Each structure stands twice: as C-alpha cells, then as structure tokens.
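Trainee: How does the following fold in three dimensions:
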Amino acid sequence: MTTNAFLQYCLTGISIGGIYALIAIGYTMVYGILRLINFAHGDIFMMAAYFMIFSMVNFTLPWYVSIVIVIGATIILGVVIEKLAYKPLRSAPRMSIMISAIGVSYFLQNVATYLFSALPKPYPAIGFLTKIISFGGISTSVVTFITPILTLGFVFILIQLINHTKIGMAMRAVSKDFETSQLMGIKINRVISFTFVIGCFLAAIGSILYFTPRPSVYPLAGSLPGLKCFIAAVFGGIGSVPGAVLGGFIIGLSETFIKAAGYSEFSDVFTFILLIVILLIKPTGLFGEKITEKV
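Mentor: This is a model prediction of the structure:
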C-alpha cells in the first residue's frame, strides 16, 4: 500500500467515523439522561434522508433551505416520539420503555415503507458537497473532507454547552441523579426534550453527510448504521460524549481498512466482534463510569 493510498483510506475512515460519532452522541446522551437505549435513533436518521428527498425532489427547494427543513423536521420527529412513546413510561420498568423504543423503530420503518415504498429512492445531490478536491496526491469529495471537521466542531460546542451553561448543568445533574434533580426543582421534561433536540440535530447532520455520497435511501437504511453507532457508544462508554466520538472514529477507521484489505464482507462482522470483546474485557466501555448500586 502506497503512502497516498494509506492517507486516502485514513481520510475516508475518519470521515465515516465522524458520521458514526455524530449519531452515537444521540445514543449516549439519551442513555445518560434516561438510562434508555433509543433503538429508534437509527430510524430517525433514516427519516431525515427522506425529508431531504421530499424537500429537494418533491418540492424542488434549494439545498440550503432543504437542510434547514430537514434539521427542523428531524428535531420535531424526535421530540414527538419522546413525548408520545417514552414520557408516559417514565415510571414503568426499564424493560417496558426499551420495548417501546424497539416498537418505535419498527413503526418508523413501516411508515417509511408505506409512504415511500420499499424501493430505493435516489438521494438528491448537494452540489458543493460532491465536488472533488485534490491536495498532496490525494483526491476526495468535499463532504469526506469536511465531515471530521464538522464533527469535532459540533462536539466542542456540545461539550462547552454541557460544562458552561445552565441547561448543561441541569443535564449533568439529571444524569447523576434523576429523582433528586426533580426534587431540587430542575424541570426534567425540559432537560429531556433538550437532550432529544441535540441528538436529533446531530442525527440530521449525520444523515446529510452520510447519504450525500451514496446513491439511494430505503426504509431499512438506518438499521445497520444505527447498530454500529450504538456499538460505538458502548465501546467508548455509553453516557460519555468523548467516548462516543472516539468509538465512532475507531469503528470508521477499522471498517475502512478491513474493506481496503479486501475483506469487505467481514467489515460489519468485525464491529459486532468488537462489541463482544469490549463487553467481556471492560463492560462499561473505555470512558464509562462504574455504577455503584446503593443498598
């Protein structure tokens, strides 16, 4: 493998890893607040792609207007799901709310199949993102180049928000002790809704970056990326934003180099093997905190 080829694969791996990181943050933040694995998050990511198709293809809106609509519609979808499917089950056993999340996932897949059919729909081209740029003997698209930059930028802003704002302080308090935070006057519903807003915003951005270089979208298009992002969150330590980001980049790079080595059929298998290994060696993930049960 030449140096240029190696750098090309590194850039591709970091790019796909950045997308996984954006989506994994949604998993890890919801778990940190609600102790819920939101299995519908990958399907929200898929619905964002259909929102883009509707905006640019059906209504022929320009890409910059469509991106705003996609982000807004994805956030509304996520908040509505939380209000209708998760909020009524907050005092129910944890298994009930997890089953609800799986039900929402299948519901979104079937709604997408009913509305858009099971046939793949071509994803609209966003002109400037698909342009090819070259530097130092490496050629890549703009979307591949800017994805890790956008990811790190959003992560930096998110960490600043969590550590230095009032709502961020409330989120940290709720993640530590849900009941005590409620007794201390923190508006739990507002915090949870804000968490879903952030997660769905990042899922919408991730969807645009993920599907732009890909030819089509179909109702199950969010299932496998969603699982990989969940694994990234677990690998880094679910509940930890930096852990989710690191997990996303590691999975993206590993997947890319496995495909480059000619074993593309094993790239997905490796991700699940990684999950098993990390659960056996360090069940809390790389940055996860050990939870102590009070007796």
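Trainee: packing partners for the lengthiest helix in the chain?
Mentor: Of all the segments of type helix in the chain, defined by DSSP state H, the longest one is helix 3-34. Applying 3 or more C-beta pairs under 8 Å, 6 or more residues apart in numbering; DSSP states H and E, one finds that helix 3-34 makes contact with helix 41-53, strand 138-141, helix 142-164, helix 166-176, helix 188-211, helix 223-236, helix 241-260. No exception for glycine: its C-beta is placed from N, CA and C like everyone else's.
Trainee: Show me what counts as buried in it.
Mentor: Of all the residues in helix 3-34, those buried under the rule 16 or more other C-beta atoms under 10 Å are 8-9, 11-34.
Trainee: in this protein, which segments are predicted with low confidence?
Mentor: Low-confidence segments of the chain (pLDDT under 70): 1, 289-295.
Trainee: Going by neighbour count, list what's buried in stretch 142-154.
Mentor: Neighbour counts over stretch 142-154 (16+ other C-beta under 10 Å) mark 142-148, 150-151, 154 as buried.
Trainee: ditto for stretch 248-268
Mentor: By neighbour count on 16+ other C-beta under 10 Å, the buried set for stretch 248-268 is 248-260, 267.
Trainee: got the contact list for residue 24?
Mentor: Taking C-beta atoms under 8 Å, 6 or more residues apart in numbering, we find residue 24 in contact with 229-230, 232-233, 236, 244-245, 247-248.
Trainee: Report the separation between the closest residue to residue 230 other than its chain neighbours and residue 75.
Mentor: Counting by C-beta to C-beta, 6 or more residues apart in numbering, residue 27 is the residue found nearest to residue 230 once chain neighbours are left out, at 5.3 Å. Going from residue 27 to residue 75 by C-beta to C-beta, to the nearest Å gives 16 Å.
Trainee: For the helices and strands packed on helix 3-34, give me a markdown table that also has distance to residue 120.
Mentor: Formatted as a markdown table, the entries for the helices and strands packed on helix 3-34 read as follows, by distance: least, C-beta to C-beta, whole Å:
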| stretch | distance to residue 120 |
| --- | --- |
| helix 41-53 | 11 |
| strand 138-141 | 21 |
| helix 142-164 | 20 |
| helix 166-176 | 38 |
| helix 188-211 | 11 |
| helix 223-236 | 14 |
| helix 241-260 | 21 |
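Trainee: Tell me which of the ones you listed sits nearest to residue 129.
Mentor: Put simply, out of the helices and strands packed on helix 3-34 the one that sits nearest residue 129 is helix 142-164, at 4.2 Å, with distance taken as C-beta to C-beta.
Trainee: Tell me which other helices or strands that closest one touches.
Mentor: Packed against helix 142-164 by the contact rule (3+ C-beta pairs under 8 Å, 6+ apart) you find helix 3-34, strand 132-135, helix 166-176, helix 188-211, helix 241-260.
Trainee: any idea of the angle that helix forms with helix 3-34?
Mentor: Between the direction of helix 142-164 and that of helix 3-34, the angle (axes from the mean of the first three to the mean of the last three C-alpha atoms, to 10 degrees) works out to 40 degrees.
Trainee: ok and helix 142-164 relative to helix 188-211, angle-wise?
Mentor: Interaxial angle, helix 142-164 versus helix 188-211 (the same axes, to 10 degrees): 160 degrees.
Trainee: Only C-alpha atoms, please: export helix 142-164 in CSV.
Mentor: Listed next in CSV are the C-alpha coordinates belonging to helix 142-164 (Å, rounded to 0.1, in the frame of the first residue of the first chain):
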residue,chain,number,x,y,z
VAL,A,142,-15.7,18.0,-0.1
VAL,A,143,-18.2,16.0,2.1
THR,A,144,-15.5,13.5,3.0
PHE,A,145,-13.0,16.3,3.8
ILE,A,146,-15.3,18.5,5.9
THR,A,147,-17.1,15.7,7.9
PRO,A,148,-14.5,15.2,10.6
ILE,A,149,-14.0,19.0,10.9
LEU,A,150,-17.8,19.5,11.4
THR,A,151,-17.9,16.5,13.8
LEU,A,152,-15.1,17.9,16.0
GLY,A,153,-16.6,21.4,15.8
PHE,A,154,-20.1,20.2,17.0
VAL,A,155,-18.5,18.1,19.7
PHE,A,156,-16.5,21.1,21.0
ILE,A,157,-19.7,23.2,21.1
LEU,A,158,-21.6,20.5,22.8
ILE,A,159,-19.0,20.0,25.5
GLN,A,160,-18.9,23.7,26.1
LEU,A,161,-22.7,23.8,26.3
ILE,A,162,-22.8,20.9,28.8
ASN,A,163,-20.0,22.3,31.0
HIS,A,164,-20.7,26.0,30.9
